[in-house]
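Asker: give me the fold of what follows.
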Amino acid sequence: MKLSPFNIKAILSLSLLIILFSNPIFGQKIKKVKAKITEPLTNNITVAEFKQNLLLKAQIQALADEFGTNIASGSDLKIDNSGTDMITLNSSLVKGEWVKTVQVNYTWFLQEQTPYLSCEVEGKGRAITTQKVPIEVELLSCNQPSNCETKQFKENQSLYTTVNSAKEGYINIYMREEDQVYRLFPYSNTSSNEELITKIQSDKKYLFFDSKKASEFNGLTSRDVDELRLSTMGKDRLFNRLYIIYSKTPIQKPVLTTQNGIKTISPEKFQEWITESKTANTTFQDQIIYFSIEQ
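Answerer: Numbers count the residues shown, from 1 in each chain. Model (predicted):
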């Protein structure tokens, strides 16, 4: 059958509509969000920690303003300056998810001889329409989960991580250290099928970065495992963040480069990958754990 240009256009338009409505990207309803948080600098926290915490609070406030919270009506979303644990708790109460940071502005000022900092953030978020998979994560300085959980490491200490998911799925782990992001899992020496290796079962606590636990992962041997030692790189204190990436379906990795045998990516390209993954895959979720290393 010979098609006229009109018929071809009609078929193409119909095909495009089918693609648009079946593609999860167009069901996300990503919105622009912004908020401003101002707090006094306290004595028990460094400026770097303070700025980090304030940015997270501003992001949470922006999501709460746009999408609301799971707190009972009549209650307020209270975000205090007690640390990252409180921030993590409150981020689980908002009905939105941070997708992309567009702009961040910090402003210092003095009020009654006390330094204050304002953090104004603009970004993109989306409503959480499905419940996230509960995932428990611990950072450890030894391979005994019951004895050495910490977020404050010393120079040359080991880093171990446990992950326990309520549902089976796939796990990747990345670490951001200043202007570089490292992929820690799958391990750098992995030569087998990454999709097979990264799949985890539900309700099972996995210990990462321990060669003795390699057999817990499909297709891994002890020689494949990267055992990690932390360093401040000559600084008195270094602040890092660990990204636990989870998806119910296999995770499509970003383009990586290799530096000193470790897979790396720039923070900008890593954030683009996070944004694109969240947009295209509704089961993709990331959990960020902040930690420090001291001399």
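Asker: only C-alpha atoms from now on, for both contacts and neighbour counts.
Answerer: Will do.
Asker: next, the buried residues of stretch 122-140.
Answerer: Residues 122-127, 133, 135, 137-140 are the ones in stretch 122-140 that count as buried (16 or more other C-alpha atoms under 10 Å).
Asker: return the distance of that stretch from the chain's centre.
Answerer: Between the centre of stretch 122-140 and the centre of its chain there are 8 Å (C-alpha atoms, centre = their mean, to the nearest Å).
Asker: just stretch 32-51 next, same as before
Answerer: 19 Å.
Asker: okay, it in PDB with CA atoms only?
Answerer: Provided in PDB are the C-alpha atoms of stretch 32-51 (Å, rounded to 0.1, in the frame of the first residue of the first chain):
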ATOM      1  CA  LYS A  32      11.300  24.000  39.700                       C
ATOM      2  CA  VAL A  33      11.700  24.400  43.500                       C
ATOM      3  CA  LYS A  34      13.600  26.900  45.600                       C
ATOM      4  CA  ALA A  35      14.100  27.800  49.300                       C
ATOM      5  CA  LYS A  36      16.300  29.900  51.600                       C
ATOM      6  CA  ILE A  37      17.500  28.800  55.000                       C
ATOM      7  CA  THR A  38      19.400  31.100  57.400                       C
ATOM      8  CA  GLU A  39      21.100  29.900  60.600                       C
ATOM      9  CA  PRO A  40      23.900  31.100  63.000                       C
ATOM     10  CA  LEU A  41      27.200  29.400  62.900                       C
ATOM     11  CA  THR A  42      27.700  27.300  66.100                       C
ATOM     12  CA  ASN A  43      31.000  26.400  67.800                       C
ATOM     13  CA  ASN A  44      30.700  22.700  67.500                       C
ATOM     14  CA  ILE A  45      30.700  22.500  63.700                       C
ATOM     15  CA  THR A  46      33.200  23.400  61.000                       C
ATOM     16  CA  VAL A  47      32.300  25.900  58.200                       C
ATOM     17  CA  ALA A  48      32.400  23.100  55.600                       C
ATOM     18  CA  GLU A  49      30.000  20.900  57.600                       C
ATOM     19  CA  PHE A  50      27.800  23.900  58.300                       C
ATOM     20  CA  LYS A  51      27.500  24.800  54.700                       C
END
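Asker: so what sits opposite the residue lying closest to residue 114 once chain neighbours are set aside in the bridge?
Answerer: Nearest residue to residue 114, sequence neighbours excluded (C-alpha to C-alpha, 6 or more residues apart in numbering): residue 40, at 6.8 Å. When assigned by DSSP bridges, residue 40 has beta-bridge partners residue 116.
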